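Student: Structural data only, the sequence is not supplied:
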């Protein structure tokens, strides 16, 4: 077996050194009734070639995004990942290292985490960021818990602009913590009144910008109201490319910014693993969940990096920790930081403008589709459309897929209990869409609707 | 002391590397993009970014060199022996990486129509089938993102069950003192209080103490088995029986499941829920701290409470159930634990490993992992001080009695190993012995590697025992890109990001 180096004679020699009759003797502490005497009745080992064949067969059953005009977003965005990212990501010293608990042999990981934290703080307009959470949804839940800890209050207001998975995850996490969620209805028209819900029990308001239905909002009035009532404003961002064009939450008064970092460096991967971004103000750093890399000096006085402020974490604080998180998304953070380093200020700005331009171009072309109405006027690279009173967006998406087009996501996929959302379709456009893609979608919609 | 004698500060292959923020020059590009058309500010609600972000501009060659040099300051499994106890640093097969890059599997969006992703759902379903088959458990929640996340998921299912059965007075969780820190932290997130259970002199759960703590306010016990001392809980059946008799559940921390895959089905131990760290047991890369995946197997009683989403078979093929109402069975899912459908990229790698190994190979892997740990225990038993009698399982635990009066600590000893080209063992964990040194060799290390390591550990121990080497140990490591780092300074004056004008 190719991953196991021992020969039978190695095994015999080692058993002799141990003084054991056979390998079974090493398992003598296992109760006899629970011991399996032979391999389970499951398939036996296979060669590389056979395994490749099995995966090729499964891959062949999918319609991959690169093989179709593709307009799906809804929290995960398809951007071009430069070749250098994945090539560097597979370097064994990055790929096969553990959490950098031994800083002398982990300066590579620690330095890129320090760079990553800096980039996230700069993008979000915040002062400090951690070394990653699992994904945007869990980062959102952690932000709610942290806000309650900071304010010593128990009510969390979840905007209807929030990604439904972020909302559901947050509701689940809060279920048994003594905190309550005040969840607003899905808000495709950006009409909700958040300010009226804030009171003296409010720990935080969580909004998304651009919102789940694509709209961009000025958050300053909301931030002012939160702060006047002693609550925190938490802002979720689903596509960090948007930071290249849109005012960052930090500049609009956010206290915590969370987000999904997948769109830089990682590709879609059917939604996982993700990369939870988490940034806040310096004054809250000791209430933050997750790992932090920090700068220090070594015994020779040279600049170096370590994991720090770990008294917040579970391996020290146990049940009093700020979170139970241990394994995070280190390698995804590396992919993110490498992609962003390749982009730089100039590249990210340009990429963001290209995304926005593609979306505007798509909207313009969609005006030729009879009965279709675009909801909202200000957006980044995604918007919601209303297909008509009698239309079922899910059926439309299904019909588009039959024509080889991955034409957005129906709102009903997230909100089956809201019949009025059935005609709403979410469409995203990025730099990966060609003009021919846009025309193909418009032509197909004209056929289907 | 290793003195720098070069003009550059570099030492041959060890090249000093600035931060990216100290490398950039405005206007450079690492990616070619077309010139965008002018932005119509009206379409941005007047919210176009006003101030520059402050990111550096670099070209591709600079970026490639930057990260290559950073990688050279890291030690990975690919570099050498990594006996980090409790972390299962085994070889990460490259086939798994190759499969995880097939465009037909990864260039997929989680919200594509389900008929266009039947192959992806098959990956999830096939892996779930293996996890159920190997553990003997009837159900598995696939979406937890890591071990701690899986613990919390299992406890949430337990809490949902108790609440559903009028047992919401059950708010206490029994956790052995030797447990990972995530156990009590996860319990706290479910609104549970944590009641520690002491260990016996044999390094196992004190069953009498545990039984005395059981009662109708106990929701579950959380037992790691094999435990963090590297020992199999030989009274596990009695622990499970007593727990169930008291109306509580048995949560098993599956961090050490890699010791028993194919040799024990955890269902036969009376387990009700257990997370499986795919990044340990099934050899997906740790990636400097993640991502991992923590699918959680569940017993018949807990299965209906499994979180969303999950894959079922129906007339049209595989179906992903994303909402409770559309599920026609008896399910009462406790909610959603993260975005999308689980750590799919990790699933591909784990499944590639499992298919490669097969039932026979997986059993051999556990056997060899246990063999290797017992070999270290036997060969180092006279040199170091083993904390407990063997046989051990996949890892062996020593304490610092062998360093008594030497002036050398566990930390010093570990740092000296770095200079010898090895990654240190886990230090000071578990907390139940003094100055713990926990070694997990894994099955992918050859006898030659183990013998080389053993010789070095013996030599270092002999050196420490002379009583006059403490200073030398305290100076270690000497040959690393950085020597011991000042962690107190880092915590007292946190510098958590680069700022313009700052430098090291």
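Tutor: Alright, I've got the coordinates. These numbers were taken from a predicted model, which means no experiment stands behind them. Numbering: from 1, shown residues only, chains lettered A, B, ... in the order given.
Student: From chain B, how far out is residue A:30?
Tutor: Using CB to the nearest CB, to the nearest Å, one obtains 6 Å as the distance from residue A:30 to chain B. C-beta: built from backbone N, CA, C; applies to glycine.
Student: my guess is that residue contacts residue B:263, does it?
Tutor: Yes - between residue A:30 and residue B:263 there is a contact under CB atoms under 8 Å: 7.2 Å.
Student: Would you list the phi and psi of residue A:379?
Tutor: The phi and psi values for residue A:379, taken as degrees, to the nearest 10, are phi -150, psi 170.
Student: Excluding sequence neighbours, find me the nearest residue to it.
Tutor: residue A:214 (4.2 Å; CB to CB, 6 or more residues apart in numbering or on different chains).
Student: Tell me who's in contact with that neighbour.
Tutor: Each residue near residue A:214 by CB atoms under 8 Å, 6 or more residues apart in numbering or on different chains is listed here: A:375, A:376, A:379, A:380, A:382, A:383, A:384, A:426.
Student: now for those, which pair is the farthest apart?
Tutor: Using CB to CB, these span at most 14.4 Å, a distance reached by A:375 and A:380.
Student: And the two? Which one has more around it.
Tutor: Taking other CB atoms under 10 Å in any protein chain shown, residue A:375 and residue A:380 do not tie; residue A:380 has more neighbours (29 against 18).
Student: Got the confidence number for that one?
Tutor: Note for residue A:380: predicted pLDDT of 98.
Student: Would you confirm that it contacts residue A:356?
Tutor: Yes - Residue A:380 is within contact range of residue A:356, at 5.9 Å (criterion: CB under 8 Å).
Student: what touches both of those two?
Tutor: By CB under 8 Å, 6+ apart, residue A:380 and residue A:356 have these common neighbours: A:245, B:44.
Student: Going along the chain, name the helices of chain A.
Tutor: In chain A, the helices defined using DSSP state H lie at A:8-18, A:48-59, A:83-89, A:92-95, A:107-124, A:136-151, A:164-174, A:220-228, A:314-317, A:330-366, A:393-402, A:435-448.
Student: okay, the ones you listed in a markdown table with mean pLDDT next?
Tutor: Formatted as a markdown table, those follow (pLDDT from 0 to 100):
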| stretch | mean pLDDT |
| --- | --- |
| helix A:8-18 | 98 |
| helix A:48-59 | 98 |
| helix A:83-89 | 97 |
| helix A:92-95 | 98 |
| helix A:107-124 | 98 |
| helix A:136-151 | 98 |
| helix A:164-174 | 98 |
| helix A:220-228 | 98 |
| helix A:314-317 | 84 |
| helix A:330-366 | 97 |
| helix A:393-402 | 98 |
| helix A:435-448 | 97 |
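Student: Let's have those in JSON lines, adding distance to chain B and mean neighbour count.
Tutor: Below are those laid out as JSON lines (distance: least, CB to the nearest CB, whole Å; neighbours: other CB atoms under 10 Å in any protein chain shown):
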{"stretch": "helix A:8-18", "distance to chain B": "4", "mean neighbour count": "15"}
{"stretch": "helix A:48-59", "distance to chain B": "3", "mean neighbour count": "16"}
{"stretch": "helix A:83-89", "distance to chain B": "5", "mean neighbour count": "18"}
{"stretch": "helix A:92-95", "distance to chain B": "3", "mean neighbour count": "22"}
{"stretch": "helix A:107-124", "distance to chain B": "4", "mean neighbour count": "27"}
{"stretch": "helix A:136-151", "distance to chain B": "4", "mean neighbour count": "26"}
{"stretch": "helix A:164-174", "distance to chain B": "3", "mean neighbour count": "25"}
{"stretch": "helix A:220-228", "distance to chain B": "10", "mean neighbour count": "17"}
{"stretch": "helix A:314-317", "distance to chain B": "4", "mean neighbour count": "17"}
{"stretch": "helix A:330-366", "distance to chain B": "3", "mean neighbour count": "24"}
{"stretch": "helix A:393-402", "distance to chain B": "5", "mean neighbour count": "19"}
{"stretch": "helix A:435-448", "distance to chain B": "12", "mean neighbour count": "17"}
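Student: To residue B:15, which of the ones you listed lies closest?
Tutor: Comparing the helices of chain A by CB to CB, helix A:107-124 comes nearest, at 11.7 Å.
Student: joint contacts of residue A:30 and residue B:263?
Tutor: With contacts defined as CB under 8 Å, 6+ apart, no residue is shared by residue A:30 and residue B:263.
Student: which sections of chain B are below the confidence cut-off?
Tutor: B:1-4, B:325-330, B:502-504 (pLDDT under 70).
Student: Show me what the longest helix anywhere in it is packed against.
Tutor: Determined from DSSP H, the single longest helix within chain B is helix B:344-380. Helix B:344-380 sits against helix A:8-18, helix A:48-59, helix B:94-99, helix B:103-106, helix B:118-135, helix B:278-281, strand B:396-399, helix B:447-465, with contacts defined as 3 or more CB pairs under 8 Å, 6 or more residues apart in numbering or on different chains; DSSP states H and E.
Student: now the ones you listed in a markdown table, with distance to residue B:33?
Tutor: Listed next are the helices and strands packed on helix B:344-380 as a markdown table, based on distance: least, CB to CB, whole Å:
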| stretch | distance to residue B:33 |
| --- | --- |
| helix A:8-18 | 55 |
| helix A:48-59 | 30 |
| helix B:94-99 | 28 |
| helix B:103-106 | 22 |
| helix B:118-135 | 30 |
| helix B:278-281 | 35 |
| strand B:396-399 | 54 |
| helix B:447-465 | 47 |
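Student: closest one to residue A:74 among the ones you listed?
Tutor: helix B:118-135 (16.8 Å).
Student: What residues sit buried inside the closest one?
Tutor: Neighbour counts using 16 or more other CB atoms under 10 Å in any protein chain shown place B:118-128, B:130-132, B:134-135 of helix B:118-135 among the buried residues.
Student: just how off-centre is stretch A:25-36 within its chain?
Tutor: Relative to its parent chain, stretch A:25-36 has a centroid offset of 43 Å by CA atoms, centre = their mean, to the nearest Å.
Student: Mind checking the pLDDT average for it?
Tutor: The average pLDDT for stretch A:25-36 rounds to 97.
Student: can you list the domains in the chain?
Tutor: Since no chain was named, I'll use chain A. Using automatic domain parsing, the domain parsing of chain A gives A:8-55, A:65-80+A:344-448, A:83-339.
Student: Can you look at chain B instead?
Tutor: For chain B, the structural domains run B:1-73, B:96-352, B:359-490, going by automatic domain parsing.
Student: Please indicate which of those has the most neighbours on average?
Tutor: Of all the domains of chain B, domain B:96-352 has the most neighbours on average by mean count of other CB atoms under 10 Å in any protein chain shown, namely a mean of 22.
Student: nearest to residue A:165, of the helices and strands packed on helix B:344-380?
Tutor: Of all the helices and strands packed on helix B:344-380, helix B:118-135 sits nearest to residue A:165, with 16.9 Å by CB to CB.
Student: Parallel or antiparallel, list what pairs with the next helix or strand after the closest one.
Tutor: Per DSSP states H and E, the first helix or strand lying C-terminal to helix B:118-135 is strand B:139-141. Using DSSP bridges, the strands paired with strand B:139-141 are strand B:296-298 (antiparallel).
Student: Distance from the partner strand to the middle of the chain?
Tutor: With CA atoms, centre = their mean as the basis, strand B:296-298 stands 17 Å off its chain's centre.
Student: picking up where we left off before, I'd like to know which of the domains of chain B lies nearest to residue A:12.
Tutor: Of all these, domain B:359-490 sits nearest to residue A:12, with 10.5 Å by CB to CB.
Student: who wins for proximity to residue B:429 among the helices and strands packed on helix B:344-380?
Tutor: strand B:396-399 (9.5 Å).
Student: quick one: that closest one to chain centroid distance?
Tutor: 20 Å.
Student: Show me the contact partners of that strand.
Tutor: Under the criterion CB under 8 Å, 6+ apart, residues B:85, B:203, B:229-230, B:373-374, B:376-377, B:380, B:384-388, B:390, B:430, B:433-439 lie in contact with strand B:396-399.
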